[in-house]
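>>> what's the 3D shape of this:
(2 chains)
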Amino acid sequence: MARFIVRRVIAAVPVLLGLSVLLFIFVRLLPGGPASAILGQHATPQRIADVNEALGLTRPLYVQYFEYIGRLLHGDFGSSYVDGTKVVDVFLLRFPSTIELTMGALFFAIGLGIPLGRIAARHSNGLIDGIVTVISLFGISIPVFVLGYTLAFFFGVQLHWLPTFGLADPTLGVPAVTNFPIIDGALASLQGGTTAPFVDAIAHVILPSIALGSIPLAVVTRITRAAVIEVSNEDYVRTARAKGLTEKRVDNRHIMRNAWLPVTTVIGLEAGALLAGAVLTETVFNINGVGSWVVDSIRNHDYVVVQSLVLIFAVIFMVVNLIVDIGYAFLNPRIRYS
Amino acid sequence: MTATAATLAATPRTSRGLWGDALRRLMRNGPALVGLFFIAVFVMGAILAPILSPYDPTVGKLADGYQSPSLAHLMGTDQQGRDEFTRVLYGARISLSVGVVAVLFGLIGGTIVGSIAGGAGGKLDGLLMRFVDVMLAVPGLLLAIVLVSWLGHGELQIMLAVGISYSPMFARLLRGSLLALRESDYVIAARSMGASPVRILVRHMMPNALTPLIVQATLFAATAIIDVAGLGFLGLGPGDPRIAEWGEMLTDASSYLQNYPYLIFFPGAAIVISAIGFNLLGDGLREALDPRLKR
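Modelled structure (predicted):
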């Protein structure tokens, strides 16, 4: 297992290096170069030359690239052109919100998708199956932002059931300890002896999670349905029934254990969709996560931030897929990575 | 039993070839026909927009603003007094054309890279696939977002950005099919008869590797419509006030969610229904082109 992990990490290195080269070129090839991106289009040539000099952009490209890589390896992802803050500092501040949101979405997708898929498989080609198929068709066809605004309108504006702005109510004055709104809310609840901050944080994450989780929900439902139907036709399932096991036991021990495998794979693949979807979800629900930061940075022509964030997203995507593959080996003893 | 067998043997099965058979199966697939119908409605709406609506999609009277749906304005009017129905119709022109062309760009790019990699194999294959890996490392829409911010605003730029972001998936799909076909009997036969590698690739392998690409392209058309609207929603759309675009309409309407939810509902429904159309058609094509997958 250790050898497998090492090999995967080594295999990721050339991909990340390639991506860093592309991103480096991307920033260099910006119309007018980084300097005019910082200064705006009305900058004088003298100012542009000064900024180029200050940023070290007048030196040979390969020197600049190796310096860039050197800084990355030291954990220095650069600073924003706009306000000078360090990318790493802001990232650590914003990333917990994005994790909380994507976890919420995953929780929703798996928690609802697997039961739906199982029910549909059991009544395959019946009415319930049809309904589930239509739900998953909607799930993959509705954009995150359309679903997000629809939910915000019904549950926020009309019914006043759930909040639609941010991940926590700032008026509660919950101190930021971990920057995870739910954990901070829980801590504040424990200290203050009131459940309000915790309940508030949970309430805030519900609608964004549903909006972001709709596509993974559809995918998980479809895959679970297909996997359960396929496994149900296996000989060992018939044997299990023949020897008189209860339907529940056959379901849990013989069918689901095997049906989990394709589902796990798909969850790893959906991690990318969740990260990209967070960009839209955070914009709809005004969440100060990494996704809305990407959008803000692009609007502000803050390309150092964009460059670093794309690289970070790629690393996260790879790490998640590695974790999924490791989990896969635990779920399926037939697979031994060596 | 024997009688039926005899009739079956006596009436030679009229084969219409792969495409003829697939078309016949598609025409018997209810959901796929519904999908085709949805797409047809939007295509007709986009083409006939000037006939179907007397209003101008980009200029309205401010005095007519914020009207709820009525007979005069089927979907109401927006903050600038423009007829929402007209804007949804004209928006279909952008969404459908940009979405479909973006997928075509991705298909062309992916086919070139995938056929070279899968056809040539060896070092070139390894090099091209590493490049594909690099592009696939950037999740989904994020790649398109970065590309648009680099290429600039405009319809062509959006088509290119979305197309490029899909091309690695097409390339990998095609390469996979081609690699599997390389060892098939008829390819080995063609090779042993001295057919040139290019001829083998174009005449023998490509036609057999094409069907998964077509299915994927149809499904990606749904994703493309959603992604194009997503770019518009994030302020990376065509950026042309003379153009009605569904994603940009949603951004504009998001400020009025509280009082005028129909401004979100109609362009949102247009995106959902057209995406459902392509998803149903794509699933139907998959079943029609590969009958083994029949549920």
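>>> Can you give me the neighbour number for A:D83?
The tally of other residues near A:D83 (other CB atoms under 10 Å in any protein chain shown) stands at 10. (Each C-beta comes from the backbone N, C-alpha and C, glycine too.)
>>> three-state assignment of it?
What DSSP: H, G, I helix; E, B strand; the rest coil gives for A:D83 is coil.
>>> Tell me the confidence at it?
Per-residue confidence (pLDDT) for A:D83: 81.
>>> what sits against it?
Applying CB atoms under 8 Å, 6 or more residues apart in numbering or on different chains to A:D83 gives no contacts.
>>> Near chain A, which residues of chain B are found?
Contact residues, chain B versus chain A (CB under 8 Å from any CB of the partner chain): B:130-131, B:133-134, B:137-142, B:145-146, B:149-150, B:152, B:222, B:226, B:229-230, B:233-236, B:250, B:254, B:257-258, B:261, B:264-265, B:268, B:271-272, B:275-276, B:279-280, B:295.
>>> Buried only: go through those residues for me.
B:131, B:133-134, B:137-142, B:145-146, B:149-150, B:222, B:226, B:229-230, B:233-234, B:236, B:250, B:254, B:257, B:261, B:264-265, B:268, B:271-272, B:275-276, B:279-280 (16 or more other CB atoms under 10 Å in any protein chain shown).
>>> those helices in chain B, which residues are they?
With DSSP state H, the ranges of helices along chain B come out as B:2-10, B:17-27, B:30-47, B:49-52, B:84-120, B:122-136, B:140-151, B:155-182, B:185-192, B:197-199, B:206-233, B:246-254, B:262-289.
>>> among those, which is nearest A:I312?
Minimum separation from A:I312 across the helices of chain B (CB to CB) falls at helix B:140-151, 10.9 Å.
>>> Check which helices and strands that closest one is in contact with.
helix A:257-284, helix A:290-299, helix A:303-331, helix B:155-182, helix B:206-233 (3 or more CB pairs under 8 Å, 6 or more residues apart in numbering or on different chains; DSSP states H and E).
>>> now the last one and helix B:155-182, what's the angle there?
Okay, so that is helix B:206-233. 150 degrees (axes from the mean of the first three to the mean of the last three CA atoms, to 10 degrees).
>>> can you pull the buried residues of helix B:206-233?
Those would be B:206, B:208-209, B:211-213, B:215-233, for helix B:206-233 by 16+ other CB under 10 Å.
>>> what do you get for the longest one?
Using 16+ other CB under 10 Å as the burial criterion, the residues of helix A:303-331 that qualify are A:303-314, A:316-318, A:320-322, A:324-325, A:328.
>>> other SSEs contacting it?
helix A:2-28, helix A:33-39, helix A:87-122, helix A:257-284, helix A:290-299, helix B:140-151.
>>> any chance of those in TSV, plus distance to A:D50?
Shown next, in TSV, are these (distance: least, CB to CB, whole Å):
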stretch	distance to A:D50
helix A:2-28	18
helix A:33-39	8
helix A:87-122	23
helix A:257-284	34
helix A:290-299	23
helix B:140-151	25
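>>> Mean pLDDT and distance to B:L74 added to the ones you listed, as CSV?
Listed next are the helices and strands packed on helix A:303-331 as CSV, based on pLDDT from 0 to 100; distance: least, CB to CB, whole Å:
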stretch, mean pLDDT, distance to B:L74
helix A:2-28, 85, 44
helix A:33-39, 70, 44
helix A:87-122, 93, 35
helix A:257-284, 86, 27
helix A:290-299, 90, 33
helix B:140-151, 87, 32
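>>> which regions of the stretch 1-150 of chain B lie under the pLDDT threshold?
Judged by pLDDT under 70, the stretch 1-150 of chain B has its weakly predicted residues at B:1-16, B:65.
>>> cool, and the stretch 51-200 of chain A?
In the stretch 51-200 of chain A, no residues with pLDDT under 70.
>>> What's the local residue count around the closest residue to B:N259 other than its chain neighbours?
Nearest-residue entry for B:N259: B:Y66, 7.6 Å, with adjacent residues in sequence omitted and distances by CB to CB, 6 or more residues apart in numbering or on different chains. Around B:Y66 there are 16 other residues, counting by other CB under 10 Å.
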